[in-house]
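S.K.: structure for the following, please:
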Amino acid sequence: MIGQHELTVEDYKTILRRRKWVLIIPAILCSVGAYVVSLFLPARYKSETVVLVEAPAVSSELVRPIGGDTNQRLATMREEILSRTRLQQIIEKFNLHQEDLGKHPMEELVGRLRSSIDVSAVRPMDRTNANGLPGFTINVMASEPQLAQRICTEITTMFLQQNVIISERKAEDTTDFINRQLQEAKAKLDDQDAKLADFQRRYMGALPEEAQTNFSLLTGLASQLDSVTQSLNRAQQDKLFLESALSQQVATAKISQTAANPDALSRQLAALQDELASLRTRYTDEHPDVIKVKNEMTRLQQRMDEQAANGHSESETDKPGLSVDTPQAQQLRAQLHQIEVNIRERMAEQLRLQQQISRVQAKLELTPAVAQQYKAITRDAQTALNIYNDLLKKQSDSEMSRDLLRRQQGEQFRVLDPPSLPQQPTFPNRRLFAFGGLAGGLGFGLAIAFLLEAQDTTLRTEKDVELLLKLPTLAVIPGMKPSRANGNNSSPKMTAEPTDEPINLNVGV
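M.R.: Sure, this is the predicted structure:
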């Protein structure tokens with residue numbers, strides 16, 4: 001009556017008691033059968049070895065290893081060693097599958113050998129170190145223990161040799177690649193340096209870093225130009241003064257030589273008046289030059305008055321051969337010549353400074369445009385320099401790593417345990433076969449019991465009656481079985497005891 005109502009734990013126990021032989025017999029038969037089958041299966045022996053990955057003798061902080069990720073390198077080596085070519089060599093070397101060489105293709109035999117070889121990595125205890133592979137194990141299954149050991153030894157040797165070959169090849173390839181890249185980077189750096197030097201020659205003085213120098217130079221030149229201009233103005237004033245003094249000295253000498261020439265005195269007086277008018281435009285009446293000219297005019301006027309009173313003749317003032325080249329006049333002329341030379345030098349200096357100021361101003365005006373081009377060139381040159389320095393460092397690291405590998409001081413594979421010689425077959429595990437057969441038999445028995453219970457329509461409890469007839473139960477008659485009296489041969493006595501037999505019920509409505 002499975003499926004008519006929800007089964008309880010007691011129901012399951014009742015079913016197990018009722019169907020116990022349906023469970024026990026298949027379990028025993030299957031367990032015995034599996035054990036018997038394991039006796040006829042060919043034995044397989046497993047040889048195992050552990051290979052450790054030793055860290056480099058020199059810290060990776062000092063010399064960066066080239067080998068890369070050990071997991072990736074191990075996967076690459078596994079694919080190469082378990083390739084068809086390598087495994088075929090092992091088959092031919094150890095004469096494996098001789099009975100199947102002509103019957104099956106080589107690919108199938110290689111596949112069998114590959115399936116009997118297992119290479120698994122040993123996981124590190126420190127999960128934070130993803131690349132810290134401590135080692136790996138190699139397992140080989142074969143029909144004979146010695147054969148399994150020899151094949152495991154051969155595979156292990158291949159791993160050790162392949163690790164050295166791959167590491168050295170990668171080191172050589174890396175070094176050669178970096179050397180080529182370094183040569184190209186050096187050529188680019190030289191080209192950028194040449195461009196930068198040519199740009200600096202063409203725009204010397206207008207470069208951005210020279211702008212402050214140009215400003216300072218411009219300030220200095222402006223100060224020098226102002227000083228030269230002031231000096232030139234003073235020299236020109238001194239020239240005017242000396243010219244005036246020379247004129248006065250010449251006029252005085254002529255007056256003294258001509259003794260009394262009214263016309264000459266008149267002309268001198270007019271010259272002094274003109275000079276006085278010129279001096280008053282620049283100086284006040286208290287200036288020594290103005291006072292001196294006034295005194296000369298007073299003396300000259302007195303002399304003219306004296307000549308008019310004495311009645312001197314005009315002919316005496318115009319005698320030929322009179323000389324006015326006095327020592328004072330010569331001294332004044334020498335001073336005037338020196339001042340004229342000084343004025344010419346100051347004017348030339350002024351022109352030179354103005355030209356220099358114009359050139360500096362032109363450089364300052366050109367600086368912004370030059371700065372933009374200079375920034376682009378220097379940026380390219382700095383980038384090329386950084387690339388070159390980085391490659392130079394990588395070249396040094398690569399050469400040191402290659403030297404470590406050649407000295408056998410880099411990352412190495414070391415066999416921790418040599419390939420073992422198995423004493424007992426790994427397959428088949430007869431105990432495991434027996435337990436497997438037992439589990440399978442129990443499952444099969446459960447399935448049969450379930451089918452039997454599903455097909456059984458016997459009413460065993462009042463719940464079954466109520467579910468089937470949908471009517472309440474008025475009475476329950478327990479099952480009866482005979483019982484014998486102790487020590488008597490009398491007729492059996494009927495006693496009411498619960499049983500698992502079907503119940504006959506009288507149901508009334």
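S.K.: now the helices for the stretch 51-200 of the chain?
M.R.: 70-81, 84-94, 106-115, 145-202 (DSSP state H, counting those that start in this stretch).
S.K.: just the angle between the third one and helix 84-94, please?
M.R.: Going by axes from the mean of the first three to the mean of the last three CA atoms, to 10 degrees, helix 106-115 is angled at 90 degrees with respect to helix 84-94.
S.K.: for helix 106-115, buried residues please.
M.R.: L109, V110, L113 (16 or more other CB atoms under 10 Å). Just so you know, the C-beta spots here come from the backbone N, C-alpha and C atoms, and that holds for glycine as well.
S.K.: how about the first one?
M.R.: By neighbour count with 16+ other CB under 10 Å, helix 70-81 contains the buried residues T70, R73, L74, M77, R78, I81.
S.K.: which among the helices of the stretch 51-200 of the chain is found nearest to A384?
M.R.: helix 145-202 (4.4 Å; CB to CB).
S.K.: domains in this structure, by residue range?
M.R.: 1-35+428-454, 45-180+408-417, 265-311, 458-483+492-501 (automatic domain parsing).
S.K.: how about the ones you listed, which one is nearest A334?
M.R.: Comparing those by CB to CB, domain 265-311 comes nearest, at 20.1 Å.
S.K.: what about E365, how many residues nearby?
M.R.: E365 has 10 neighbours, counted by other CB atoms under 10 Å.
S.K.: repeat that for the one 10 residues further on.
M.R.: The local packing of K375 (other CB under 10 Å) involves 11 other residues.
S.K.: tell me the confidence at it?
M.R.: Per-residue confidence (pLDDT) for K375: 85.
S.K.: what number of residues lie near the closest residue to it other than its chain neighbours?
M.R.: Sequence neighbours aside, P208 is the residue nearest to K375 in space, at 7.6 Å (criterion: CB to CB, 6 or more residues apart in numbering). P208 has 15 neighbours, counted by other CB under 10 Å.
S.K.: and for F215?
M.R.: 12.
S.K.: is it true that it lies in a strand?
M.R.: No. Applying DSSP: H, G, I helix; E, B strand; the rest coil, one finds F215 to be helix, outside a strand.
S.K.: now do the contacts for the nearest residue in space to it that is not next to it in sequence.
M.R.: Distance criterion CB to CB, 6+ apart; nearest residue to F215, sequence neighbours excluded, is L364 at 7.2 Å. Neighbouring residues of L364 by CB atoms under 8 Å, 6 or more residues apart in numbering: A206, A211, N214, F215, L218.
S.K.: by how many degrees do the helix or strand containing L364 and helix 145-202 diverge?
M.R.: For L364, the host element (DSSP states H and E) is helix 327-406. If you take the same axes, to 10 degrees, helix 327-406 sits at 170 degrees to helix 145-202.
S.K.: reformat the contacts of L364 as JSON lines; add distance to L351.
M.R.: Below are the contacts of L364 laid out as JSON lines (distance: CB to CB, whole Å):
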{"residue": "A206", "distance to L351": "23"}
{"residue": "A211", "distance to L351": "26"}
{"residue": "N214", "distance to L351": "20"}
{"residue": "F215", "distance to L351": "23"}
{"residue": "L218", "distance to L351": "17"}
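S.K.: by neighbours, which of these wins?
M.R.: Neighbour counts for these (other CB under 10 Å) peak at A206, which has 22 neighbours.
S.K.: that one touches V360, doesn't it?
M.R.: No. In this structure, A206 is not within contact of V360 by CB atoms under 8 Å, at 9.8 Å.
S.K.: in the stretch 1-150 of the chain, which spans are strands?
M.R.: 45-54, 117-122, 135-142 (DSSP state E, counting those that start in this stretch).
S.K.: just put those strands in JSON lines and tack on mean neighbour count and mean pLDDT.
M.R.: Shown next, in JSON lines, are these (neighbours: other CB atoms under 10 Å; pLDDT from 0 to 100):
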{"stretch": "strand 45-54", "mean neighbour count": "20", "mean pLDDT": "86"}
{"stretch": "strand 117-122", "mean neighbour count": "15", "mean pLDDT": "86"}
{"stretch": "strand 135-142", "mean neighbour count": "21", "mean pLDDT": "88"}
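S.K.: what's the closest of the ones you listed to T252?
M.R.: strand 45-54 (117.4 Å).
S.K.: for that closest one, packing partners?
M.R.: strand 135-142, helix 145-202, strand 412-417 (3 or more CB pairs under 8 Å, 6 or more residues apart in numbering; DSSP states H and E).
S.K.: helices or strands up against the longest one?
M.R.: Judged by 3+ CB pairs under 8 Å, 6+ apart, the packing partners of helix 145-202 are strand 45-54, helix 70-81, helix 84-94, strand 117-122, strand 135-142, helix 327-406, strand 412-417.
S.K.: what about these, which gets the closest to L242?
M.R.: helix 327-406 (4.5 Å).
S.K.: apart from its chain neighbours, what residue comes closest to T153?
M.R.: P419 (4.8 Å).
S.K.: low pLDDT regions in the protein?
M.R.: In the predicted model, the chain carries pLDDT under 70 at residues 1-7, 55-69, 124-133, 253-265, 310-326, 404-411, 457, 459-462, 464-509.
S.K.: show me the contacts for the nearest residue to G436 once chain neighbours are set aside.
M.R.: Distances taken as CB to CB, 6+ apart place A34 nearest to G436, at 5.8 Å, with adjacent residues excluded. Applying CB under 8 Å, 6+ apart to A34 gives the contacts F433, A434, G436, G437, L438, G440.
S.K.: those residues in helices, which ones?
M.R.: When those are checked against helices (DSSP state H), the matches are F433, A434, G436, G437, L438, G440.
S.K.: circling back: and the helices and strands packed on strand 45-54, which is most packed in?
M.R.: The highest mean neighbour count among the helices and strands packed on strand 45-54, using mean count of other CB atoms under 10 Å, belongs to strand 135-142: a mean of 21.
S.K.: just how off-centre is that one within its chain?
M.R.: Centre-to-centre, strand 135-142 and its host chain are 40 Å apart (CA atoms, centre = their mean, to the nearest Å).
S.K.: is it true that E144 touches Y45?
M.R.: Yes. Between E144 and Y45 there is a contact at 6.5 Å, judged by CB under 8 Å.
S.K.: hang on, the earlier thing: which one of the helices and strands packed on helix 145-202 lies closest to V228?
M.R.: Across these, closest to V228 is helix 327-406 (CB to CB), at 5.0 Å.
S.K.: what's the angle between that closest one and strand 412-417?
M.R.: With the same axes, to 10 degrees applied, the angle from helix 327-406 to strand 412-417 works out at 20 degrees.
S.K.: from C152, how far off is K46?
M.R.: Distance of K46 to C152, given as CB to CB, to the nearest Å: 9 Å.
S.K.: with distance to Q89 added, can I get the helices and strands packed on strand 45-54 in JSON lines?
M.R.: What follows is the helices and strands packed on strand 45-54, written out as JSON lines (distance: least, CB to CB, whole Å):
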{"stretch": "strand 135-142", "distance to Q89": "15"}
{"stretch": "helix 145-202", "distance to Q89": "9"}
{"stretch": "strand 412-417", "distance to Q89": "21"}
